[in-house]
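[1] here is a sequence with its predicted model. Questions after.
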Amino acid sequence: MPKDTNLPNSGTVMVVGAGIAGMQAALDLADGGFAVHLVMKDPSVGGRMSQLDKTFPTNDCAMCLLGPKMTDSGRHPNITMHSLSTLARLEGEPGAFRATVREEPRYISVKDCTACGDCEQACPVELPDQFNVGMKSRKAAHKYFPQAVPNAYLISKAGTPPCRNTCPAQCNAQGYTALISQGKFAEALEVARRRVPFPGICGRICHHPCETECNRGDIDEPVAIHTLKRAAFDFGRQDAAEAAKAGGKPAHPGRAEVTRQEKVAVVGAGPGGLTAALDLVERGFAVTVYDAQEKPGGMLRYGIPRYRLPVETVDEETNWILARGVRFVGQTRIGEDITIDGLRRRGFGAIVLATGIQKGRALDLPGMDAEGVYLGLEFLRAAAKLGASEEAAGRAELPVLDGKRVLVIGGGNVAIDTARTAARLGAGEVHVACLESRAEMPAHEWEIEEALEEGVILHPSWGPKRVVTREETAGAGRGAAAAITGRREATLTTAERDAAVGGGGTPVASGVEMLVCSRVFDEQRRFSPILAEGTEKLFEADVVLFSVGQAVDQGFAKDLRGVELTRGGYVVADKMTMATAAPDVFACGDITTGPASVVGAIAAGHEAAESIGRYFDKVDLGQGRTLDRPEATPTPKRPHLVARREEEEAADPIARRGHFGEVLAGFTREQAIAEAKRCLNCGDCCECLQCVEKCQKQAVHHDEQPREVDIPVGAVILAPGYELFDAAAAGEYGYGVYPNVVTSMEFERLLSSTGPSKGHVERPSDGKTPRRVAWIQCVGSRDVSCEAEFCSSICCMYSTKEAIIAREHDASIEATIFYLDMRAYGKNFDRYVDSAKDTYGVRYVRSFVSGVREDPRTGNLTLSYVDAEGHNGEGGAGGARGLVRTEEFDLVVLAVGVRPPKAALELSRAAGIDLDSYGFAVTDEFEPNQTSRQGVFVAGAFQWPMDIPESVMNGSAAAASAERLLAAGRGRDVKPREYPPERDVSKETPNVGVFICRCGINIASVVNVAEVVDYAAKLPGVGHAEELLYTCSQDALKHIKEVITEKGLNRFVVSSCTIRTHQPLFRETMRECGLNQFYFEMANIRDQCSWVHRSDPVAATNKANDLVKMAVAKVKTHEALELSPMPVVQKALVVGGGPAGLTAALEMAGMGFPVFLVERESRLGGNLWNLRRTATGADVGAFRDNLISRVMSSPQIEVLLGAAVEDYGGHAGHFKTTVSLPGPAKASGASADSRPTRLLEHGVTIVATGAKESVPGEYLYGRDPRILTGLEFEERLEAGAAGLPDSVVFIQCVGSRQEGRRYCSRTCCTETLKNALRLKAAKPEAEVFVLYRDVRSYGVLEKYYREAREAGVIFVNYDPVSNKPEVTVEGATVEGATSRLTVRVRDGATGFDLVLHPDNIILAAAALPAEGARSLGTLLKVPLNEDGFFLETHAKLFPMDFPSNGIYLCGAAHSPKFIAEAIYQARGAASRAATILSKPNLLAGGIVARVDEKKCAACLTCVRVCPFSVPKINERGVAEINPVQCMGCGSCAGECPGQAIQLSHYKDGQLAEKVHGLFAAVSETAATD
Amino acid sequence: MTTQKPETAKAAEVAVGGGAANAAGATGLANVAGAPEFMPKIVAFCCYYCAYSAADLAGSLRLQYPPTIRVIEVPCSGKVDPVILLRAFEEGADGVYVAGCMEGDCHFLKGNFRAKKRVQAVKKILDQIGLGGQRLEMFNLSAAMGTRFAEIATDMTRRIEELGPSPIRPEALAARKAAAGAKEQGEVKTR
């Protein structure tokens, strides 16, 4: 093959999309010596086809067909996969592009994942499974589908959910919620604790902004996130303790190890300080926390009343932190006992200031120093000490409130806490007055509500003017003493007042004079209260508690070296890094912000700790940090059931006033689980990290980021596939409203054994098997209102298939298909539809379905439709026009149409190509794979809607186009692997190495691996046995190689998983060790043992022993199999010189391969001489002439005209063909024997013999010159407008779709539309009738059907059985005015009989296979179908291959088709052929059948049995099986009566040994025991 | 080999304690405490493209079936020779089945039809020699039918359990011989 290495052409191609078209292109290219980058947006190859249950028209299992191609793509050394990836940019020129690929993270390393599924088991998040179109759920950690390639798990993430995004501490609420939903409280607690070291506290007192933002709030009510956090704490610590008792992991992780030299001092043991301390301890620093109080907790302990937060909880949580190794020093006040400099001198490398704000703010009002006036904060602190060791002290600080009237000034949370605490301390009546209106009160609503329940009386919009003393009120008299409110008169008597006067002579407060507050905030929302003078009112009270804010305790400010303070005394700290002006001092919590939330302080603590770590590590504090929060994820678009929010129990309001017991009870376990299940899982993965913990391979990496990679490529193939129409957009069918209306893909999944119902057809509403099932065709196709003028090409057939398969599943199902035109235009499609009708009893109703209504009681559905065929066939004749009928069904399936891929627009921009008006890639009719940009090709349904075989052809064709472009780069970018020379071990005694895989815990948790190793070690012939954690890991493979070499092993058994995925890897290892790869055997003790016998470990272990024993027995009989190179004649033979043959020849020549082009006729071009225009109006003649001249001028192509194949022999890589050539002129009548012949030697053969138009034998064709075939009429049209008829009748299906020729000729409908439109264009007044059975203008051709109707062409449906058109010639049959053509037909839609007298009748004559096809088939030993067209290996997956290797098929020889279709199939055939021609040698041998000539009786059994016609009786009179052609199935070996044929590697003796190994060894070993 | 000993003993026990018929219902499916245990050994010849793949799928779906099946992989069910089927019984298999692709779906076009014919022929032989054709079966399933694989394994196990151990299991033969010998001496020993 010529190679010009100086060309810039690369040898690398990028294929975007890994459905069937993309995989086909990639495999062809890779097999042809190109490096391929396969870029797919899905996590796996397979595309749409992987979701299908069966395929039409063969009813093959889709996965059986697809699986091998998927596996091949996955392990092809020349294919690099990029999953979850898209093409972002394409720069450069053809041959030298630079493609930028954006790869989304999978979060689980493909390289390391063993697909064991442990992550999935651990994952708590259930999401709808897209693979099952949402009909089943899957976990966030999942495998896309069981057979996915790459065979690896991944995690889906959808961003940060609002709960977590809103939380100042970024607490992972979705994480603990998801775990609680699974009842995993201990795990939930761990997750909550990661960002909030006080989950029990925050679960009680956090103001939970997460709930405000919760997306669930848009549906019904937010999830009770903070109560769930409390549940995580309450139950999680119980569960953890129990687990620890049962020998699980300890409930507390213990002291963190000190790994760093540096020491850190934290001043203040509130939430911020303790968070920072804990983080720093976890990072390995030694941390000391100082606090003025005796115990840690700060405001948690000394500010929050115990009815909200029990002190036990504070003790437990602070102790938890201290137990991690935080040193706590109490009763040490900064500014008094310690100073910053002092701390520095003590060796603290960094200091955190987290003192909080300890002082209540006092107002500058007259009378503030009166007795009975207190600050709320100090009051609370004293109250908080009650019941603890400081009780005495607490009591001393507290006023006696028994029965007294208490007035609290302030409207914040502290005020409410103060009021409720006062109530609990025995106050008689508690009033709260505040500046703000009720709505403006800063206290949390729920706190206010609870206070009101407890009898606290609110006075909003009042501001204090002065404190009134008892002396004043006593003097003023009772009348002047205004009522506190209108509710109650002041009741204190003078005696009481006197009794209460303090002993020290200080004035005693008796109330506060208040003013009405008319506003609190100005327009800028600044605090600027206006108190209305003259509205004075006395609020009488014995005790006044001011809770109007907090102030910094200035005491700490002494000796703050280098730390800046604000005017209010707060520490100036960076909002993001918490750094102060002093480099070694950081600050967090209220001391930097003023009074804020607990969770805010926690957040700041985390940041301070992070900064200190960076400070010590000398890393920039700001790097990678931002205050910006990303946009939270919106409500996920999936169906949600409305579910009520759970309510926790609250203590009785009256009773609870009497004590400090907790008001709220929290959830019960059951409540918590139910509530957690309401979570919408907005982020998909909840990042609980259970998977990380479970994955023994450490393959999970949650921090993976998307990345872009630049890849130099020479060409790009776009095969992104298609989307399905969103059925909800066609509202009349009730999809999404009525549960029993499903889409065809949903039904497909219902049929699939891996689907939601395991292959049982069940109605979604009630799970019952439906009896009457209806399919509605053209949902979102052929419908301008759905933005789809085009036909989706595949729905008629897939509905037929679904109906058949449904009947196969359950014969009681009655299937009805409502359709417009049955478009069974492909190869064997009509037969398939016929079998659906005749064999399976599927009912087809030609109709327009106008709507679907549900009966809500039964869930059944009533279809209303206009019967368009009521007048055809029996029963309907003579009825009214347009029969409207209704019919009831149990299940309705919508045959949803095809749409361009959603990402088409982005992809077109990235690749720089044009899209058509529908959104498909723009291509040229004669260059069907070429996009608008050179070097970028398209394959599959992105071109236009097409089925699987067309996609395969198309994929191969695109590959061929790329190969032609990059012909010089073939082989350049792929490197064959090199191996050491193989050691001959055939004479050595078998010395078997056995490696038993634990597969993490996948095998080892069930099978007793150690026992299996012991067992294996004792088996005869075993020289080494050991267990490995993961046999397939790189280090394990390295170890195996070492062991093989060290111990001189010559056989190798791995006992692990499946040969399907792992045998190639281990065979590779053999080769790397210099051993023949066939000295290997696998025992599958995972898929066949540990996974399927989990409940019986003993039996599973016994079975594993057996499987190992069998493998060892067989491997000892293995032989080295050589793959011997057979030279390839790198030339092609193309038979047929029509469009397909010409294209194939040019394609091969363009790739650099010499071609013999053999044509029977004396000129090239075939049918291109008969066609004038294509439907689009393109000039066929010009195309033909161009094609022929390129062929004739190609130095690579030798054209042999008037030539015929006479003899054919050889095999793939080297065929020998004898062709006869036209002899001398005199030989015109001579027989072939006398013609000169020529022997051609070539490596491949492409059959492109084409088809021809039939000569109609009916409708008086040939009896009247006015009756023409389509091609004849086209000829007339081309001649010009003059002499064109005024009226024509086209009759369709002449010779097609009838007895003896039960196939559709595919092109005639469109040809008729084309000719009708051309006639109308030339002569708009011409009357045109088309008598048709189904108008099969599939795909984008549908537009011509619409145009024809718009142009006034009249379409009349006829039925070939009951109502076939009749053609007669009335009057004289000789030329004369009285003779006229008459066509009689009954319109199937209306029932009217039509009598037409056209000038011309045009017959759409059937396409027939070319003459000589059958004899060529016999010579080549390739099959033909009953219609005389060549029969490919497999209708779906190998539409261009023959069973015999090296022979390919294209064009109308395969089945009737359009020029464009012939072109891409021809290119596809060339691509297939190139997989052989690109190699100098084919490797023959390996697992093939071999004949023992001595035993062969030449009985012909093998010749008869071989599905590929490989065996032949040779000149020695015995069977010969060419190893190049043998496919290795062993059918001949199984059948050979003399056992003369053996299949290598599966010889009878080898299998017998395996069987023997299973049974005999038992008694042998038992006997020796 | 110590791990094998109990199993051998149990199989012998069944043979002594009343022959094949009584073993029905004891089981690899559900072990009845105290009942004599018969754990059949069934050899399954599975084609690579469909049945073997279906077994993998059953595994990844974690479907549970009795631990009685020993799979031998072949490239195509059409490879399975009557000789090897008979050999499996001769060695002592209690049951044997061949599992290939769905009819019409064979990766090698029609190997599974060949297999079907051969299985039919061998069933006849088994009937003739008194082993019973029911101990052999042909199944068709696709690569996507993991559930079916588990079902077949379960059904076949149940069927063989009902039929009881193969009378030509070596240990059964030995036990029978021993029993016959004991009878001759006029003292039938039971455990």
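    Yep, that arrived.
[2] only C-alpha atoms for contact and neighbour calcs from this point on.
    Noted.
[3] quick one: contacts for residue A:1254?
    A:1295, A:1405, A:1406, A:1407, A:1408 (C-alpha atoms under 8 Å, 6 or more residues apart in numbering or on different chains).
[4] output those residues as CSV; include the columns neighbour count, distance to chain B and secondary structure.
    Putting the contacts of residue A:1254 into CSV (neighbours: other C-alpha atoms under 10 Å in any protein chain shown; distance: C-alpha to the nearest C-alpha, whole Å; DSSP: H, G, I helix; E, B strand; the rest coil) gives the following:
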residue, neighbour count, distance to chain B, secondary structure
A:1295, 24, 30, coil
A:1405, 24, 33, strand
A:1406, 28, 29, coil
A:1407, 26, 28, strand
A:1408, 23, 27, strand
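[5] ok, for residue 137, nearest residue in space, not its chain neighbours?
    In the absence of a named chain, chain A is used. Residue nearest to residue A:137 in three dimensions, not counting chain neighbours: residue A:128, with 4.3 Å by C-alpha to C-alpha, 6 or more residues apart in numbering or on different chains.
[6] should've been chain B
    Excluding the flanking residues, the one nearest residue B:137 by C-alpha to C-alpha, 6+ apart is residue B:97, at 4.7 Å.
[7] likewise residue A:1336?
    residue A:823 (5.2 Å).
[8] so what touches stretch A:859-870?
    With C-alpha under 8 Å, 6+ apart as the test, stretch A:859-870 has contacts from A:738-740, A:765, A:845-855, A:876-877, A:879, A:882-892, A:1388-1391.
[9] mind listing what's buried along it?
    A:859, A:860, A:861, A:862, A:863, A:864, A:865, A:866, A:867, A:868, A:869, A:870 (16 or more other C-alpha atoms under 10 Å in any protein chain shown).
[10] now swap in stretch A:1161-1179 and tell me
    A:1164, A:1165, A:1166, A:1167, A:1168, A:1170, A:1171, A:1172, A:1173, A:1174, A:1175.
[11] contacts only, for the nearest residue to the second one once chain neighbours are set aside.
    Counting by C-alpha to C-alpha, 6+ apart, residue A:1165 lies nearest to residue A:1138, which is 4.6 Å off, once chain neighbours are set aside. With contacts taken as C-alpha under 8 Å, 6+ apart, residue A:1138 has the following neighbours: A:1164, A:1165, A:1166, A:1167, A:1168, A:1248, A:1249, A:1250.
[12] please report how far the closest residue to the fourth one other than its chain neighbours lies from residue A:1252.
    Right, the one you point to is residue A:1167. Setting aside the residues directly before and after it, residue A:1167 is nearest to residue A:1138 in space (C-alpha to C-alpha, 6+ apart), at 6.3 Å. Counting by C-alpha to C-alpha, to the nearest Å, the separation of residue A:1138 from residue A:1252 is 11 Å.
[13] which neighbours do those two have in common?
    In contact with both residue A:1138 and residue A:1252: residue A:1167, using C-alpha under 8 Å, 6+ apart.
[14] the residue nearest to residue A:1526 when sequence neighbours are not counted: neighbouring residues, count only.
    Spatial nearest neighbour of residue A:1526, excluding adjacent residues (C-alpha to C-alpha, 6+ apart): residue A:1488 at 5.9 Å. Using other C-alpha atoms under 10 Å in any protein chain shown, residue A:1488 is surrounded by 23 other residues.
[15] residues making contact with stretch A:210-225?
    So stretch A:210-225 is contacted by A:162-164, A:166-167, A:173, A:177, A:208, A:226, A:634-635, A:642-646, A:675-676, A:678-680, A:682 (C-alpha under 8 Å, 6+ apart).
[16] any idea which helix or strand comes after the helix or strand bottoming out on mean pLDDT in chain B?
    When the helices and strands of chain B are scored by mean pLDDT, DSSP states H and E, helix B:5-16 comes last with a mean of 37. Taking DSSP states H and E as the definition, the helix or strand that follows helix B:5-16 towards the C-terminus is strand B:42-47.
[17] and that next one, what does it pack onto?
    When contacts are defined as 3 or more C-alpha pairs under 8 Å, 6 or more residues apart in numbering or on different chains; DSSP states H and E, strand B:42-47 sits against strand B:69-74, strand B:95-100.
[18] what's the most buried one of those?
    Comparing the helices and strands packed on strand B:42-47 by mean neighbour count (mean count of other C-alpha atoms under 10 Å in any protein chain shown), strand B:95-100 comes out on top with a mean of 28.
[19] neighbouring strands - and their directions - for the host helix or strand of residue A:1218?
    Here residue A:1218 sits within strand A:1214-1220, counting by DSSP H and E. Paired strands of strand A:1214-1220, with direction, are strand A:1204-1211 (antiparallel), strand A:1237-1242 (antiparallel) (DSSP bridges).
[20] let's have the ones you listed in JSON lines, adding distance to residue A:1500, mean pLDDT and mean neighbour count.
    JSON lines is the format used below for the strands paired with strand A:1214-1220 (distance: least, C-alpha to C-alpha, whole Å; pLDDT from 0 to 100; neighbours: other C-alpha atoms under 10 Å in any protein chain shown):
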{"stretch": "strand A:1204-1211", "distance to residue A:1500": "19", "mean pLDDT": "92", "mean neighbour count": "18"}
{"stretch": "strand A:1237-1242", "distance to residue A:1500": "28", "mean pLDDT": "96", "mean neighbour count": "18"}
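[21] with adjacent residues omitted, what lies nearest to the residue in the stretch 651-800 of chain A positioned nearest to chain B?
    Going by C-alpha to the nearest C-alpha, chain B is nearest to residue A:753 of the stretch 651-800 of chain A, at 5.9 Å. Closest residue to residue A:753 apart from its sequence neighbours, by C-alpha to C-alpha, 6+ apart: residue A:759 at 4.1 Å.
[22] for the one you found, give me the pLDDT.
    Looking at residue A:759, its pLDDT is 83.
[23] do the one 3 residues further on as well
    Here, the pLDDT recorded for residue A:762 equals 93.
[24] distance of it relative to residue A:1125?
    55 Å.
[25] tell me the SS of whichever residue of the stretch 401-550 of chain A sits closest to chain B?
    Using C-alpha to the nearest C-alpha, residue A:446 is the residue of the stretch 401-550 of chain A that sits closest to chain B, at 48.5 Å. Of the three states, residue A:446 takes helix under DSSP: H, G, I helix; E, B strand; the rest coil.
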